[in-house]
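Asker: Sequence first, then the predicted structure:
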Amino acid sequence: MPAPAADPVSRNALVILATIAGGVVLYVLSDILTPLALAMFLALMIDGFARVLEARLSGVSNRAATPLAVVLSIVIFGGATFFIADNATNFASQLVGYTPKINGIIARLAGLVGMEAPPSLTQLVHQLNPASYLGQLARGLQSFASTAAFVLVYLGFILASRRGWERKVVNLFPNRPERQEAVDAFLRIRNGVEQYLWVQTVTGLMIAVASWIAMMAVGLDNALFWAILIFIASYIPVVGGIIGVALPPLFALVQFDTLWQAAVLFGVLQVIGMFVGNVVQPRMQGRSLNMDPIVLLLALAFWSVVWGLPGAFLSTPLTTVMMVILAQFPGTHWIAVLLSADGEPGPLRRHPVEPPSAKGPAKPSPKPAAKRRSRT
């Protein structure tokens, strides 16, 4: 006897409870899943980089593309990390020289709020007691180092086992239509994430270069350092760009004696960010991402709470993967519709996997008996 169809209300309630339980599992297992998610994200990025190198460079073969992409990625990330660490040390030493100017700004702000005896920068630092945070800083650095080590280990295994993925797909989906649907879903995920990376990289470079020109025009110190920070912050959706273009004007208040440099820099950076974010980025992105802006903001908040800073960087790709997967099944298709921008997250599975019958496999029909030839 066939099983009765599930009530839609009960089915949706089960989906919501499963989503909550999944969020709890992601939070509890964050130490294990965060390096794995970062490694898969880097593997996808390296795979796209390798295909670009193979297509653009005639002398690069299919076998040499992936190792070359890995080497170039290590050089780029390593050089950027070294540059940021070196300039951060110089920036901290420069702040010591700006102590009198910072004290003057604190005095002016205190006068605006009616405070008669404003504290100095030294007193504020003493009250904050930074020595008490050294232990937390050391634990944070240790956690970052261990996470980076796990990410590299996971990345190595993922890249080494990528040749067996095709056989796994064949064994998971023995029927050709089901296998084709699974491949189409994977290609949608890969193309969506790669398009997101490409758009964020190009628009981030545009904002960083234009901001660097504006900062050099007003004479701001460490302009290249701020430009690189703006480029990195552009990978955090919504919030990253706002924070990135707000920090240089604040530093301009400390560096210059007049206010027009900070005001001009703030206005120019805001115009650059708004133009790239509202004009250039939507034209480049098109329908590739198909994600509602409110969903992007909620996804940023959710993944930041669950996985911290790595979750903030991965919030949009992870939500894109979830939308494509949820769109494949009738019970969760409505969630994908809510996540999408135009209400069309993708097609449902046309060939659902049916469970085997309780009566056992059907017996093959007997072949018709061969007709005997009549002897003449």
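Answerer: Thanks, I have the structure now. This structure is a prediction, so every number in the text was calculated from the model and none was measured.
Asker: So, low pLDDT: which residues of the stretch 101-250 of the chain?
Answerer: Filtered on pLDDT under 70, the stretch 101-250 of the chain yields the residue ranges 101-103, 105-144, 166.
Asker: Swap in 50 and give it another go.
Answerer: Under the criterion pLDDT under 50, no range of the stretch 101-250 of the chain is flagged.
Asker: That one: helices as residue ranges?
Answerer: 121-128, 134-160, 165-172, 176-218, 223-233, 239-255 (DSSP state H, counting those that start in this stretch).
Asker: Pick out the residue closest to the middle of this protein.
Answerer: residue 314 (2.6 Å; CA atoms, centre = their mean).
Asker: isn't that one right up against residue 306?
Answerer: No - using CB atoms under 8 Å, residue 314 makes no contact with residue 306, being 10.3 Å away. Every C-beta, even on glycine, is put in place using the N, C-alpha and C of the backbone.
Asker: Helices of the stretch 251-376 of the chain, residue ranges please.
Answerer: With DSSP H, counting those that start in this stretch as the criterion, the stretch 251-376 of the chain has helices at 260-275, 281-285, 293-326, 333-339.
Asker: Select, out of these, the one closest to residue 232.
Answerer: helix 293-326 (9.3 Å; CB to CB).
Asker: For the closest one, name the packing helices and strands.
Answerer: Judged by 3 or more CB pairs under 8 Å, 6 or more residues apart in numbering; DSSP states H and E, helix 293-326 is in contact with helix 8-28, helix 30-56, helix 176-218, helix 239-255, helix 333-339.
Asker: One more pass at 10 Å, please.
Answerer: If you count contacts as 3 or more CB pairs under 10 Å, 6 or more residues apart in numbering; DSSP states H and E, helix 293-326 packs onto helix 8-28, helix 30-56, helix 134-160, helix 176-218, helix 239-255, helix 333-339.
Asker: If you count neighbours, what's buried in the fifth one?
Answerer: Buried residues in helix 239-255, counted by 16 or more other CB atoms under 10 Å: 240, 241, 244, 245, 248, 249, 251, 252, 253, 254, 255.
Asker: With respect to residue 222, which of the residues you listed is nearest?
Answerer: residue 251 (8.0 Å).
Asker: Let me know how buried the closest residue to the closest one other than its chain neighbours is, in neighbour terms.
Answerer: Of all residues not flanking residue 251 in the chain, residue 220 sits nearest, at 7.0 Å (CB to CB, 6 or more residues apart in numbering). With neighbours defined by other CB atoms under 10 Å, the count for residue 220 comes to 22.
Asker: Now the phi/psi pair for residue 57, please.
Answerer: Backbone geometry at residue 57, expressed as degrees, to the nearest 10, gives phi -100, psi 120.
Asker: Residue 54: neighbour count?
Answerer: With other CB under 10 Å as criterion, residue 54 counts 18.
Asker: Skipping adjacent residues, who's closest to it in space?
Answerer: residue 65 (4.2 Å).
Asker: Roughly how far does the one you found sit from residue 56?
Answerer: 10 Å (CB to CB, to the nearest Å).
Asker: of the two, who's got more company?
Answerer: The neighbour count for residue 65 versus residue 56, taken as other CB under 10 Å, is higher for residue 65 (20 against 8).
Asker: Let me see the mean pLDDT of the one helix or strand the more buried one maps to.
Answerer: Using DSSP states H and E, the element containing residue 65 is helix 62-97. Per-residue pLDDT over helix 62-97 has a mean of 78.
Asker: Of all the residues in that helix, which ones are buried?
Answerer: For helix 62-97, using 16+ other CB under 10 Å, the buried residues are 65, 66, 68, 69, 70, 73, 87.
Asker: Spit out the contact partners of the nearest residue to residue 321 once chain neighbours are set aside.
Answerer: Leaving out its chain neighbours, the residue that sits closest to residue 321 by CB to CB, 6+ apart is residue 189, at 5.3 Å. By CB atoms under 10 Å, 6 or more residues apart in numbering, the residues touching residue 189 are 44, 317, 320, 321, 322, 323, 324, 325.
Asker: Repeat the analysis, applying 7 Å as the threshold.
Answerer: By CB atoms under 7 Å, 6 or more residues apart in numbering, the residues touching residue 189 are 320, 321, 324.
Asker: Take those and write them to CSV, including distance to residue 31.
Answerer: Below are the contacts of residue 189 laid out as CSV (distance: CB to CB, whole Å):
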residue, distance to residue 31
320, 24
321, 21
324, 27
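Asker: so which of those residues comes closest to residue 310?
Answerer: residue 321 (15.1 Å).
Asker: Counting neighbours, what do you get for the closest one?
Answerer: Residue 321 - counted by other CB under 10 Å - has 19 other residues nearby.
Asker: what about it, distance to residue 58?
Answerer: Distance from residue 321 to residue 58, by CB to CB: 34 Å.
Asker: for residue 297, same thing?
Answerer: Distance of residue 297 to residue 58, given as CB to CB: 44 Å.
Asker: Between those two, point out the one with more neighbours.
Answerer: Per other CB under 10 Å, whichever of residue 297 and residue 58 has more neighbours is residue 297, with 14 against 7.
Asker: Setting aside sequence neighbours, what's the nearest residue to that one?
Answerer: Sequence neighbours aside, residue 238 is the residue nearest to residue 297 in space, at 5.4 Å (criterion: CB to CB, 6+ apart).
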